[in-house]
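K.L.:
Fold the following and give me the result.
(3 chains)
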Amino acid sequence: MSTSLLDVTDLRVAFTGRGFRPKAIEVLHGVSLSIGEGETLGVVGESGSGKTTIGRAVLGLVKPSGGRITFRGADITHASPKDRRTLSKDIQVVFQDPYTSLNPSLTVGDTLSEPLVVQGATAGEARSRVQMLLDQVGLPRDAAERLPREFSGGQRQRVAIARALAPEPKLIVCDEPVSALDLSTQARVMDLLIDIQRRTGVAYLFVSHDLAVVRHISHRVSVVYKGDIVETGPAALVTSTPEHPYTQKLLLAAPIADPVEQEKRRAERHRLAELHREQHVQAGVA
Amino acid sequence: MSIEELSVDPGLAAPPRKSPLRKLSRDPQAVITSGLLLVLIVLGLLTPWIAPHDPNEAQLNAINAVPGTPGYPLGADQNGSDIASRLLHSINTSMIAGLIGASVALVIGVTFGLIGGYFGRRLRSATEWVFSLIMTFPGLLLLIVLMPVTKGDYRMTMLIFGVLLSPGIYRIVRNLVIGVKNELYVDAARVSGLSNLRILGRHVLFVVRGPIIIAAAFLAGSAISLQSGLAFLGVGSNLVPSFGAMIADGFTNLYVDPTQFIWPSVLLGTLTSSLVLLGNSLRDALEGVKLKPSKTAASKVAGSVKGPGEDGPADLLSVEDLVIAYPTPSGRLKEVVKSVTLNLRAGETLGLVGESGSGKTQTAFSILGVLPSEAVIVRGSIRLEGRELLGLREQDLRALRGREISYIPQEPMSNLDPSYTIGAQLVEGIRASARMSSADAKARVLALLARVGIQNPQRTFDSYPHQISGGMAQRVLIAGAVASRPKLLIADEPTTALDVTVQAEILDLIRDLQAELNMAVLLVTHNFGVVADICDRIAVMQDGQVVESGTALELFREPKHPYTQMLLGSILDEHTVRTDPPVPVAAAIGEKN
Amino acid sequence: MIIYALRRLGAGIVLALLVTMITFFLLSGSLESVARERLGSAATPESVKALMTKLGFNRPAIVQYLDWLGSVLTGNFGTSLFTSQPVAPAVASRLGVTLSLVVTALIITVIISVALGVWAATRGGVADKVSQALSLVGHVVPGLLIAIVLVAVLAVNMKLLPATGFTPFAQNPGKWAASITIPVIVLVIGGVASMAAQVRGSMIDELRKDYVRTLRTRGIPTRSIVLRHALRNAASPALTVLSLEFIQMLGGALIIENVFALPGYGQYAFNASLQGDIPIIMGITLFGVMLVVTVNLITDVANGWLNPKARIN
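P.N.:
Down below sits the predicted model:
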C-alpha cells in the first residue's frame, strides 16, 4: 500500500493568446490524477492534448488558473519561488531534447553540481556526489570534465537523468525522455529508468505520445485528449483493452512491427472508424 | 523523428573546436588590426611625452611648413601648428570619443536588454517604448541641433550619441535573452531551484558575451567616424585637435600642400578600418564562420559512371554500388554511403530502414539529385527505367523531377514557402511539370486536395502554411507530389513528425494512391511499425551499407544479420508490462544500505 | 492590414510629439544665450531681458512648447529669429534637395546590392569573393575621404562634373543629375557595403532551407526558386537593414552637403544651430522626426505585405 505522493485535483491551465486584446485559451479543462510513492504514472496523449502542460504545472514552470496540486499533503499549486527552491529537492525533471536541455557551455560536472550547490553542498561534497551519479547512470567518471557536445544523444540523456537524481528526489517528471533517441538507445535508457526506480524508490510522472513506451514503464496510465483525461487505469488494461473510444483509436493507430499482425490491426482500425462514422450519421451530426 | 539524425551533418563532421582566442591568434586580419590599434593606443598614451609642440601652438613663421622642417617633422598647417603634435593629440580625442560612445551605448543597451528580455511582458513593453522613442530621434541631425546645449563639447556629444546608439544593442541583447530564456536548460535550472539572478549570471550572460564584444568594436568605430564628421563640419571647439578638423583644414589647403590632408586621412582611415575589420574577425572567431553559398546544381560525379548494368525483370529503379562522400575540414573525403545496391519494381514499396547516420536519407536524395553541393558521388549507378541518372545535367534532372520522380519530405511545415498561399505553391508546381493554363491548374489542385482527404479544399487553397495543421500540411505536400502521376515516389520519413492517429491516416492515403497510380514507393524510415504496415520489401542500412534485404515477411520472421536482429529486439513489444509493484522510498533505501 | 498601418502611424505621431518636446526642453536652457546672439554687439543685460520678454522666452518651457505646438497644428511653423523668413517653406525646400539626393542613392543602392547579393549567393566562388571585397572597401574607407578624392579627381582635375553647387531637377534635369552624381556615388558606396553583405547573408540562409529543396524536387526552375521564393523571404530581414541604412544615409548626407555646397537640410540645420534659431531648429526637428516615422511605417507595412505571419502581430 503506497501513500499518495502527488495529488492533482481539477487542474486548469489557460494561456493568454497573442494580439491586441488577447483571449484566454484553456489547454487543461480540469484534470485529476494521483501518483503513489515509487510508482510510475504514464500520461499519454497526442500533440496539443495538454499532457506536457500537466508536467510543467507540477514543476511550477506554468501557473495553474484553477484546481489544486498537493505534494506530500502540502498545497503547492501557487508555490512561491522560495518554496519552489525547497521543492526542487523532491521534484525533478528529465526533458525530451537531449541537445538543448544541457547548457552547451558548461561541462557535465558543472551541470550536475549546480543543483547540489544551490542546496548548500560544498565543492568537495558536490564533486564526490557527481562521481556517484555518473556511476549510477552508467557513464565514465571522466565525463565530468567534458562538454555536452562530445556525447551522443543517449549519453546526454543519461546526464540529464543524473542531474535529476542529484538531490535524491521523490518524484521525477519525465517529459518524453526517449522520443528523440534512436531505437536501440531508447531501450537502454528505458531500462536505466526502471532500474533506478527499483533501487531508489523514486516515482515517475512519465509523459509520452508513444503507447508502447508508456506501457513498458508504467504501473498505471492516464490518457489525455484535448485537455481532458478520458481514461485512467492499470497499465496492462488501458494499453491492451481500453474502454474509451479515443484510447481504442490510439491503440489501433500504433503500427505493430509484424506484417501479419499489423494487417489485422489495420482492418480493425478501419472497422472501428466505420462504426464511429455510422454512429455519427445516425446521431444526425452533419 | 530522431534528433540524432539532425546532428550528423556529413560535411561538417565535428570539427575540433578551438578556443576563440586561439582562432583569433591565427587570423592574420585579427593580428594585423589589433597590432595597428595597439600601436595607435600606445602613441596616444605617450603623447604628453613625445609630442614636440603643444597642438594649438601657432607660430607665424611655421605656416604651411613642409615636412622635414626642423622642429616640424611632418610639417605645419596654415595656422603654423605642428602637424605631428596635432596628430598625436587627435588620436587621444578619437580614443576618448570611441570609448564614451561605445560604453554609454553598451551600458544602457545591455542592462535594459537583459531586463526587457528576461522579465515579464509588461516590463518589456515599457522598455520597448522607451527604445522606440530613442530610435525615432534623427541621429546626426539631433547632435547638430543640440549644439547650443552641448556647446560643442565632443564628450557631451558622444554621450548623447551613445544614448542614440543604444537601441541597436538593446535589440540584440533582448533577442538573445529571449532565445535563451526559452531553452530547456534554463527551465531545468529553474526546476533545480536557481534564483533568477543566478540564471541570468550563469546561463544568460554567457550567451550575450560574444555579441557584446563584437558590438563594442563596431560601436567604437562608428563613434570615431561620427566625431570626425562633426569636427569636419566645424561643430565643436577649435581648441580640441581632431582628425576631422585636420582634414577640413587640409581640404582647404589641398593645392598648397597635399600632405596636410593625407596624414590625418590615413590615420583616421587606419583607425576606423582596423576597428571594423577587427570586429569582423571577432565575429568569425566567436560566432563561427558563416555558411558559404551552396550552388543548386547536379552533384559532382567523381568516378566513372557504369554503363547499363544488369537490371532485373521490369526494374523501375536500380541503384548499384553507390558511394557518396563529403570533404572533411582536413581535405580528405569521408564516405557516408559505402556501396549501396538496391532495386525497386513498378508498383512496389521498398522500405529503407536504419538509425541515424545510416546514410538512408543521403541515398534517397541522390536519386532525386538534390544532395548538397559539397557532396561527391565517388562512383556508382542510379538507373530509372534503364536510363542512367548520375552525370545528367541539372536541366535534364529537372525534367524528371516532379514528373517521373516525386518526393515527400519529413517535416511538413518547414517544407512549404511561408510567403505564398498553399494554392499558389501547388499551382506553380503543377505548371512546372505540365503545360496547362492557370485555370486548369487551379481546378486540378482543388481536385487533388479533395483526393488527399482535405475537408475544405477551397479554404486550404487560400490559406498560408502557418494557418494549417501539420497533418494537413503533409497532405498538401503529398498532393503536390502525386499531381503529375509519378512513377516513383520517394518518401523521407513522411510520418515521423506527425501524431500517431494522423500517421495511420497518411499511411492509408499513401497506400491508396499507390494502388491507384501504380507508383513505386521508396520509403525511408526508422520505424518498424510503419515498415510492417506498408512495405513489400525491406533494405536495412547500417553505417552507409545495406546489411540485409528481403521481403517484409522474411525479414520480420527470420532476420539474418545481427544488426537487424538487434534492432528488432529493441522494439518495445506489445506484451511487456511492469509486473513489479511500486517500491516506497523507505524500503528502497533500506535495500541500498 | 489597414488597422495595423493606422496603429503604427498613431504610435509614430506620439513618438514625434515626445521627441519634439524633449528637444525643446533641452534647448530651453540656452534661451538666454540665443537672445544675446540675436542682439549681437548691441547686447546689454537690459536689452537682452527686454528681447526675452518680447519673444516670450521667460515663460515656463512647457507653455512655450504648447504654444509652438498649437501654431504648428494650424500650419504655422513660425519665422526665423534671425532672418524673419517663414520656417516651413524654407525647411521644405531644403528637405526636398536632401531627399532627392538620398532617395536616388537609395534606389541605386538597392538595385546594386540585390544584384550583387543574389549573384554572390547563387554562384559562389569568384562572385562571392568580389562581393565580399567590395563590401569591405565600402566599410573600411570613410565616405568623407572618397568624397574628397572624387572631387579632386573628377571635378577639379578632369573637370567632368561640377565640384559644388546644386541645380534643381525642375530647372534642368541634366544639370541636376550632374550636380548630384559624385554625392550619390559616395552615398551608394557606403550603402552597398552594408546592403550587399546583408542580402548575400539572407539569401544564403534562405537557399539552405528545406522548402527550397522541396521546390527543386517539383521540377521548378532554379531561377524561379531564387527570385520568386528565396529572394522574397530574404527581403524581410533585408528591409529592416534598408530602413536603418536610409536613416544612416540621411546622416551622411549632412556631411556631403557641406563638402559639395548643396543647399540641403543639413546645411540649414547646421547654420540654424550655430545661431540658436529656435523656430528653425524646432521645424527641422519635427520634419526630421516625421521623416523617420514615415520610413519606419513604410518598412513595417512592406514587411507586413511580404511576410504573412507578421500581419497578425
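K.L.:
For C:Asp128, which non-adjacent residue is closest in space?
P.N.:
Leaving aside its sequence neighbours, C:Asp128 sits nearest to C:Ala120 (CB to CB, 6 or more residues apart in numbering or on different chains; 4.5 Å). Placement of C-beta: from N, CA and C, glycine included.
K.L.:
Hmm, I typed the wrong one, I wanted B:Ser225.
P.N.:
B:Thr272 (5.4 Å).
K.L.:
show me where the stretch 101-250 of chain A has strands.
P.N.:
A:171-175, A:203-208, A:220-225, A:228-234 (DSSP state E, counting those that start in this stretch).
K.L.:
who does the last one pair up with?
P.N.:
What that stands for is strand A:228-234. Taking DSSP bridges as the criterion, strand A:228-234 forms sheet pairs with strand A:220-225 (antiparallel).
K.L.:
tell me the mean pLDDT for the strand it pairs with?
P.N.:
Strand A:220-225 comes out with an average pLDDT of 96.
K.L.:
how far away is the residue positioned nearest the centre of chain C from B:Leu142?
P.N.:
The centroid of chain C falls nearest to C:Leu250 when counting by CA atoms, centre = their mean (2.9 Å). The gap separating C:Leu250 from B:Leu142 is 11 Å, by CB to CB, to the nearest Å.
K.L.:
Which of the three states applies to B:Ile91?
P.N.:
Classification of B:Ile91 using DSSP: H, G, I helix; E, B strand; the rest coil returns helix.
K.L.:
how about the closest residue to it other than its chain neighbours, what does it touch?
P.N.:
Leaving out its chain neighbours, the residue that sits closest to B:Ile91 by CB to CB, 6+ apart is B:Gly44, at 3.9 Å. Taking CB atoms under 8 Å, 6 or more residues apart in numbering or on different chains, we find B:Gly44 in contact with B:88, B:91-92, B:95.
K.L.:
pLDDT for those - can I get that in JSON lines?
P.N.:
Shown next, in JSON lines, are those (pLDDT from 0 to 100):
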{"residue": "B:Leu88", "pLDDT": "88"}
{"residue": "B:Ile91", "pLDDT": "90"}
{"residue": "B:Asn92", "pLDDT": "90"}
{"residue": "B:Met95", "pLDDT": "91"}
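K.L.:
would you list every one of the helices in the stretch 151-300 of chain C?
P.N.:
Ranges of helices in the stretch 151-300 of chain C, per DSSP state H, counting those that start in this stretch, are C:173-207, C:210-217, C:222-224, C:231-260, C:265-275, C:278-306.
K.L.:
Quick one: closest of those to chain A.
P.N.:
Nearest to chain A, of all those, is helix C:278-306, at 14.3 Å by CB to the nearest CB.
K.L.:
For the residue nearest to B:Ile91, what is the enclosing helix or strand?
P.N.:
Remark: B:Gly44 resides in helix B:28-50, with elements defined by DSSP states H and E.
K.L.:
How many residues are close by B:Gly210?
P.N.:
16 (other CB atoms under 10 Å in any protein chain shown).
K.L.:
before we move on, what about A:Gln282?
P.N.:
8.
K.L.:
ok, back up a step: would CSV of the helices of the stretch 151-300 of chain C with distance to chain A be doable?
P.N.:
Output for those, formatted as CSV (distance: least, CB to the nearest CB, whole Å):
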stretch, distance to chain A
helix C:173-207, 20
helix C:210-217, 19
helix C:222-224, 33
helix C:231-260, 19
helix C:265-275, 37
helix C:278-306, 14
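K.L.:
List phi and psi for residue 9.
P.N.:
With no chain named, the answer covers chain A. phi -120, psi 120 (degrees, to the nearest 10).
K.L.:
not what I meant, chain C
P.N.:
phi -60, psi -40.
K.L.:
Contact partners for it?
P.N.:
Counting by CB under 8 Å, 6+ apart, the residues that C:Leu9 touches are C:293, C:297.
K.L.:
and B:Ala424, how far is that from chain C?
P.N.:
10 Å (CB to the nearest CB, to the nearest Å).
K.L.:
element containing that residue?
P.N.:
helix B:422-433.
K.L.:
what's the angle between the helix or strand just after that helix and helix B:422-433?
P.N.:
Of the helices and strands lying after helix B:422-433 in sequence (DSSP H and E), the nearest is helix B:438-451. Counting by axes from the mean of the first three to the mean of the last three CA atoms, to 10 degrees, helix B:438-451 lies at 110 degrees to helix B:422-433.
K.L.:
about what we covered before: now do the shared contacts for C:Leu250 and B:Leu142.
P.N.:
C:Gly288.
K.L.:
when you scan stretch A:158-172, is anything in it near chain B?
P.N.:
Yes: using CB under 8 Å from any CB of the partner chain, stretch A:158-172 comes into contact with chain B via A:160, A:163, A:167, A:170.
K.L.:
now swap in stretch C:34-44 and tell me
P.N.:
Yes: against chain B, stretch C:34-44 shows contacts by CB under 8 Å from any CB at C:Val34.
K.L.:
which other residues reach that stretch?
P.N.:
Contact with stretch C:34-44 is made by B:148, C:47-48, C:51-52, C:55, C:57, C:81-82, C:275-278, as judged by CB under 8 Å, 6+ apart.
K.L.:
now do stretch A:183-190
P.N.:
Stretch A:183-190 has contacts (CB under 8 Å, 6+ apart) with A:152-154, A:157-158, A:161, A:177-178, A:181, A:213, A:216-217, B:4, B:355, B:526, B:528, B:566-567, B:570-572.
K.L.:
Please pick the buried ones from those residues.
P.N.:
A:153-154, A:157-158, A:161, A:177-178, A:181, A:213, A:216-217, B:4, B:355, B:526, B:528, B:567, B:570-572 (16 or more other CB atoms under 10 Å in any protein chain shown).
K.L.:
So which of the residues you listed sit within helices?
P.N.:
Counting by DSSP state H, the part of those found in helices is A:153-154, A:157-158, A:161, A:213, A:216-217, B:4, B:528, B:567, B:570.
K.L.:
got a markdown table for those, with distance to C:Leu262 and pLDDT too?
P.N.:
Shown next, in a markdown table, are these (distance: CB to CB, whole Å; pLDDT from 0 to 100):
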| residue | distance to C:Leu262 | pLDDT |
| --- | --- | --- |
| A:Gly153 | 63 | 87 |
| A:Gly154 | 68 | 90 |
| A:Gln157 | 66 | 93 |
| A:Arg158 | 69 | 94 |
| A:Ile161 | 70 | 94 |
| A:Val213 | 73 | 92 |
| A:His216 | 78 | 92 |
| A:Ile217 | 77 | 94 |
| B:Glu4 | 62 | 36 |
| B:Phe528 | 75 | 93 |
| B:Leu567 | 75 | 92 |
| B:Ser570 | 76 | 88 |
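K.L.:
Show me which of the residues you listed is closest to B:Thr349.
P.N.:
Nearest to B:Thr349 among those, counting by CB to CB, is B:Phe528 at 14.4 Å.
K.L.:
State which helix of chain A is the longest.
P.N.:
From DSSP H, the single longest helix across chain A is helix A:259-282.
K.L.:
Give me the buried positions along that helix.
P.N.:
A:259, A:262, A:265-266, A:269, A:273.
K.L.:
In TSV, list those residues along with pLDDT and distance to chain C.
P.N.:
Compiled in TSV, those are given as follows (pLDDT from 0 to 100; distance: CB to the nearest CB, whole Å):
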residue	pLDDT	distance to chain C
A:Pro259	92	29
A:Gln262	92	29
A:Arg265	93	32
A:Arg266	93	29
A:Arg269	93	30
A:Ala273	89	30
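K.L.:
which pair in these spans the largest distance?
P.N.:
A:Pro259 and A:Ala273 (21.0 Å).
K.L.:
so what's C:Ile146 up against?
P.N.:
Contacts of C:Ile146 (CB under 8 Å, 6+ apart): C:185-186, C:189.
K.L.:
And B:Thr460, by the same measure?
P.N.:
B:422-423, B:449, B:454, B:468, B:472, B:476.
K.L.:
part of a helix, is C:Leu81?
P.N.:
No: per three-state DSSP, C:Leu81 lies outside any helix segment and is coil.
K.L.:
The closest residue to it other than its chain neighbours: how many residues sit nearby?
P.N.:
Nearest residue to C:Leu81, sequence neighbours excluded (CB to CB, 6+ apart): C:Asp277, at 4.9 Å. Using other CB under 10 Å, C:Asp277 has 26 neighbouring residues.
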